[in-house]
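Dropping a prediction and its sequence here:
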Amino acid sequence: MTNTAQTQEGLHEPQFSVFDGINPKSKGLMTLSQFINDIRTGRFKKEIEEIRREPDKKKRNDLKKKLLAVSPSGVFEQTRGNNNNKSYAPQVCLDLDDLTNIAEARAKLEGDEFIRALALSPSGTGLKAFVIVPDEPQRHKAQVKELMDYFKREYQLVADEKCSDVSRLCFVTYDPDVYDNPDASVFTGGTSEDLPALHSYIGDPKDYPVDLLYKAVKNEYGNVKYIVIRHARFLQLLQVLGFRRFDLGTGFVFVRLENNIIEEVPKTIIQDAFFDFIKGLPDELPEGVSTELLYEKLVKSPENLFSDMKLSIIERIKPNFCKDSAAEVKFFYKNGFVKCTKEGYTLHPYSETDGLVWKNQILTRDFEVAVTDYTEVESLPDFAKFIWNVSGKDPERFKAFCTLIGNLLHDHFEGKTRVAILTDSNVTPYANGRTGKTLFAKALGQVTPLCEINGKDFNPEDRFKYQEVEYSDTLVHINDIDKKTSIEKFFVDITEGISVQKKNKQPFKKQVRIIISTNRTMRIEGASARDRVIEIEFSNHYSETFSPHTEFGKWFFGEGWTDQDWIGSDNFICFCVCLYLQVGVLTPSQINLGRRKLLAASNEEFIDFIDARVKDGRINTHVVICKNDLRDEFLVEYPEHRDTIKDVGKVTTWLRHYANLSGHFAPNEPRQDEKAANGKKYFVFRPLGYKRTALAQFVAPQVEGGIELI
């Protein structure tokens, strides 16, 4: 016969014996609810914390033996021992020791309908799991064996075999977050009753058989005493409502999935959707349960239902996203998705997508196909006219701008990826800007998720530099970057993906296209670096005093942007993508880029000095220049630089910049174009398109009639 005591709720609960440590003499009786309360409130907090601080295992065990202890499976007369068992308490405490991941084990077990209570062990390295079993004392060892098999089969957790001893002691512990589920199901061998397979339900949430969510416990008259929530079915219902776990790096977020459209959601959205479902149920439910009773049960302890660890057990979604391919680019609109190929673009329903689509990728407007002749300037929609203007109204440069737009909107990273650098064309010592670079990037953000980062605050060495980027973003625009930032800092980001670290969140890696806008030139040295960027100059059509708003009389993509404007810009962008898929990225001709870079890297008077000699033919590709003599000539014309140029080292640097940036000559190769002899140093300019040899030594110009030395 079982000894019971009445709880505050009026229910009768089994009692068990209490002991002073390992002293075999019983000092009284206690219920599991009382024991759980002692664990939660920290009645023995001081003693437990001392144990957890002690590094020596033997000393920890000695301290533990002095704690209050109970025999959760029975009441013993006078002294503890199997022969002195006065009454049986149908409950078991399993010791799960030395767990490698306590939080993960805890989350799994808290979702199990058989767990009556779960607490951290006195050492802090394991868990104590309390389970109610049938009142069959003769089967105690068999029941514990079945329970241990269940834990191993379902959760890969191994319990201490000594727990099968009915007189086994359980020492008190301290855990303010102890899990307490007084409505747990009785363990009868692993299945409380016949239920449909856990993941068998597929259909509309409103048709979900809600009686799977709970178990009604009835009294002898057939009336409902209380209900038990089946936690595994609770998670199943959340999945039916569309919620999933999406892994990001080493962490995860919660998402909602509907018709291949996925959206990141906070826990509050999950809670709201679940309780809205409950509130929408009929008043009377199966098994004589009312919706009011079910609702009261659920709101009693929402922290148990909606903890991060419990929700993390929800089904993980596979990241099978609808992605661009080498030959296709997709844009997502309210009325379907647009597929662009080199043959053209077409609108399709979402039922034809081959993967998931982030909700914030879907634009809030419809797409409407419009036929336009983009070779006729007068017929261009306003955004296309803007691109025509910033390209310098040059047909070939306009075409290059279009292919750059297509490349930046191509979310496919096979082959060479380059950083796009947007800069001005004005030859001026001042960084004026206002030429349309920011509006260019903003336009791309109208058809794909774009993250804009303030370039003045951007630090390439800061691990949180990309913290504003979301997983669904495909473009990152670093606006008005500091002129001292090295372009080489971005090469790993464009080839391997950016590392996004947000404060207090799990990091993740993401491949994106990177746009850098700057009012100044960026230093790009070496063939390898030049091959990993595409620089494009914006003409001086727009300025601080003449903006697109001035010209068109409206703010682009703002309130004044009409439906026809959207149709025009959307179709033009699709045209740009199709053109890019046909011809690739075209390199635009320079306006003043080389000159601006040369001025930034060299000396204006020296540039004028060399320009004059190139113009009159004194410097060309078939002469060998003596740098010593050239320095002396320069100082005759510009004596104010005598303190600046004390040797030919500065002249060498400036000549190299002139070769690399002026556009008159082939890029410099010091080993082949420079030499020293007889105490003097020499330099040769090579013609554009000059084919280098494999020689790592000076190569004399090959000209008819010999070499001219100046």
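Received, thanks.

quick check: longest helix of this structure.
The longest helix of the chain (DSSP state H) is helix 563-583.

in stretch 540-548, what's buried?
540-542, 547-548 (16 or more other Cβ atoms under 10 Å). Any C-beta I mention is one placed from the backbone N, CA and C, and that applies to glycine too.

Can you tell me which of the residues you listed end up in helices?
If you go by DSSP H, the buried residues of stretch 540-548 have residue 548 in helices.

so which of the buried residues of stretch 540-548 comes closest to residue 147?
Of all the buried residues of stretch 540-548, residue 147 sits closest to residue 548, with 72.8 Å by Cβ to Cβ.

And the closest one, how far from residue 386?
Using Cβ to Cβ, to the nearest Å, residue 548 is found at 6 Å from residue 386.

and for those two, which residues touch both?
436, 439, 556 (Cβ atoms under 8 Å, 6 or more residues apart in numbering).

Residue 412: which of those residues is nearest?
Among the shared contacts of residue 548 and residue 386, and counting by Cβ to Cβ, the member closest to residue 412 is residue 439, at 25.6 Å.

Run through who's touching whichever helix or strand the closest one is part of.
Secondary structure from DSSP states H and E places residue 439 in helix 437-444. Residues from elsewhere that reach helix 437-444 (Cβ under 8 Å, 6+ apart): 383, 386-387, 390, 405, 408-409, 422-424, 450, 452, 475, 477, 479, 515, 517, 538, 548, 556-557, 569, 573.

Out of these, list just those in helices.
Cross-referencing those against helices under DSSP H gives 383, 386-387, 390, 405, 408, 548, 569, 573.

Out of those residues, the closest to residue 54 would be?
Residue 54 lies nearest to residue 408 out of these, by Cβ to Cβ, at 60.5 Å.

Please name the bridge partners of the nearest residue to that closest one once chain neighbours are set aside.
Nearest non-adjacent residue to residue 408, counting by Cβ to Cβ, 6 or more residues apart in numbering: residue 513, 5.0 Å away. When assigned by DSSP bridges, residue 513 has beta-bridge partners residue 475.

Put the buried members of the shared contacts of residue 548 and residue 386 into a ChimeraX selection.
Of the shared contacts of residue 548 and residue 386, the buried ones can be selected in ChimeraX as follows, counting by 16+ other Cβ under 10 Å:
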select :436,439,556
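
what's the lowest-pLDDT member of the shared contacts of residue 548 and residue 386?
Comparing pLDDT over those, the lowest score belongs to residue 436 (93).

any idea how far it lies from residue 372?
21 Å.

biggest separation within the ones in helices among the contacts of helix 437-444, which pair?
408 and 548 (19.5 Å).

ok so, going back, run a quick neighbour tally on the residue nearest to residue 408.
When neighbours are counted by other Cβ atoms under 10 Å, residue 513 registers 23.

Now do the contacts for it.
Per Cβ under 8 Å, 6+ apart, neighbours of residue 513: 407-411, 417, 420, 474-476, 494.

What of residue 245?
Shown in contact with residue 245 (Cβ under 8 Å, 6+ apart): 252-255, 311-312, 314-317.

Please repeat the previous calculation with a cut-off of 7 Å.
252, 254, 312, 314-317 (Cβ atoms under 7 Å, 6 or more residues apart in numbering).

And residue 251, by the same measure?
By Cβ under 7 Å, 6+ apart, the residues touching residue 251 are 505-506.

cool, and residue 680?
626, 628.

quick one, phi psi at it?
Recorded main-chain torsions at residue 680 are phi -120, psi 160, according to degrees, to the nearest 10.

Could you look up the next helix or strand downstream of the helix or strand hosting residue 597?
Here residue 597, judged by DSSP H and E, is contained in helix 593-601. Using DSSP H and E, the next helix or strand after helix 593-601 towards the C-terminus is helix 604-615.

Can you show me the CA trace of that following helix as CSV?
Taking C-alpha atoms only, helix 604-615 is exported to CSV below (Å, rounded to 0.1, in the frame of the first residue of the first chain):
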residue,chain,number,x,y,z
GLU,A,604,51.0,67.5,-60.1
GLU,A,605,54.0,69.5,-61.3
PHE,A,606,56.0,66.3,-62.2
ILE,A,607,53.0,65.0,-64.1
ASP,A,608,52.8,68.2,-66.1
PHE,A,609,56.6,68.0,-66.6
ILE,A,610,56.3,64.4,-68.1
ASP,A,611,53.1,65.2,-70.0
ALA,A,612,55.0,68.0,-71.9
ARG,A,613,57.8,65.6,-72.9
VAL,A,614,55.4,62.9,-74.0
LYS,A,615,53.5,65.4,-76.1
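
And the contacts of that helix?
Identification of contacts with helix 604-615 by Cβ under 7 Å, 6+ apart yields 598-599, 619, 634, 637-638, 641, 654, 658, 664.

Give me the buried stretch members for that helix, please.
By neighbour count with 16+ other Cβ under 10 Å, helix 604-615 contains the buried residues 606-607, 609-610, 613.

before we move on, what about stretch 250-262?
Buried, per 16+ other Cβ under 10 Å, within stretch 250-262: 252-257, 260-262.

which residues touch residue 28?
Residue 28 neighbours (Cβ under 7 Å, 6+ apart): residue 18.

where's it, which helix or strand?
strand 26-31.

Neighbouring strands of that strand in the sheet, and parallel or not?
Partners of strand 26-31 in the sheet, by DSSP bridges, are strand 12-20 (antiparallel).

about what we covered before: show the buried residues in the contacts of helix 604-615.
Among these, the ones that count as buried by 16+ other Cβ under 10 Å are 598-599, 619, 634, 638, 641, 654, 658, 664.
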